[in-house]
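Participant: Fold the following and give me the result.
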Amino acid sequence: EATFEIPVPAGLAIGATLMLQAVATDLSGNASPPAVLELTATDVTGVTLPPSVLVAAGDALDLPVQLSVPAPAGGTRVTLASSNAAVATVVPSIVIPEGQTSGAATLSALSGGLTTIDASIAGVPRASTTVTVRGGIVSGFVLDMLQQPVSGAQVTVFDYPPPVVTTTGPDGRYFVEGIR
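Facilitator: Numbers count the residues shown, from 1 in each chain. Down below sits the predicted model:
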């Protein structure tokens, strides 16, 4: 087993090839026939995720996924994983279509806490983001008999003592956080 570094010239064009030739010599000076290795320069696609995400438990959102270069023919598969699936899950992968540089992955927030979403291409880690899920949330809408939002309605959420009281907004929505 041998380990060696291959110097790549600065400015090597994508698609250019490097030809390497190696000869192995044993302790007695016997040399093997030359082995030739041809390497083709490729572009390493970078992935960008948002620096962080804040979401309420029970909600789902589209997590933006950005490539550094347009996807090649056949698209680019980006694999995604959550470090704590009890807090949030994400679709296992998305394919960004040929010529495109962005896509979105569905993230589902399950319970309060922190998790990390990691993105990779062909098994090589490319990016990660921290997801904060706000837990203990009760939210909804108050509508009248005509299905119109009721503004200013008082809503009481019964946690164990004391109850939490809130008022609906102009769109009839209420939101209470910190429920156990």
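
Participant: show me what contacts Thr40?
Facilitator: Going by C-beta atoms under 8 Å, 6 or more residues apart in numbering, Thr40 touches 15-17. Any C-beta I mention is one placed from the backbone N, CA and C, and that applies to glycine too.

Participant: Repeat that for Pro70.
Facilitator: Applying C-beta under 8 Å, 6+ apart, one finds that Pro70 lies in contact with 98-101.

Participant: who wins for most neighbours among the residues you listed?
Facilitator: Thr101 (15 neighbours; other C-beta atoms under 10 Å).

Participant: if you skip the residues just before and after it, what's nearest to that one?
Facilitator: The shortest distance from Thr101 to any non-neighbouring residue, by C-beta to C-beta, 6 or more residues apart in numbering, is to Leu67 (4.7 Å).

Participant: Show me what the strand ranked longest in the chain packs onto, helices and strands only.
Facilitator: The longest strand of the chain (DSSP state E) is strand 124-134. Packed against strand 124-134 by the contact rule (3 or more C-beta pairs under 8 Å, 6 or more residues apart in numbering; DSSP states H and E) you find strand 47-48, strand 52-56, strand 102-109, strand 113-121.

Participant: The closest residue to Leu54 other than its chain neighbours: neighbour count?
Facilitator: Leaving aside its chain neighbours, Leu54 sits nearest to Thr132 (5.0 Å; criterion: C-beta to C-beta, 6+ apart). Using other C-beta under 10 Å, Thr132 has 16 other residues around it.

Participant: can you give me the offset of the longest strand of the chain from its chain's centre?
Facilitator: Taking C-alpha atoms, centre = their mean, to the nearest Å, the mean C-alpha location of strand 124-134 is offset from the chain mean by 6 Å.

Participant: So for that strand, what gets flagged as buried?
Facilitator: By neighbour count on 16 or more other C-beta atoms under 10 Å, the buried set for strand 124-134 is 126-129, 131-134.

Participant: That one: what's the following helix or strand?
Facilitator: strand 137-141 (DSSP states H and E).

Participant: Give me the residues contacting that following strand.
Facilitator: Residues outside strand 137-141 that contact it (C-beta under 8 Å, 6+ apart) are 56-58, 149, 157, 168, 171-177, 179.
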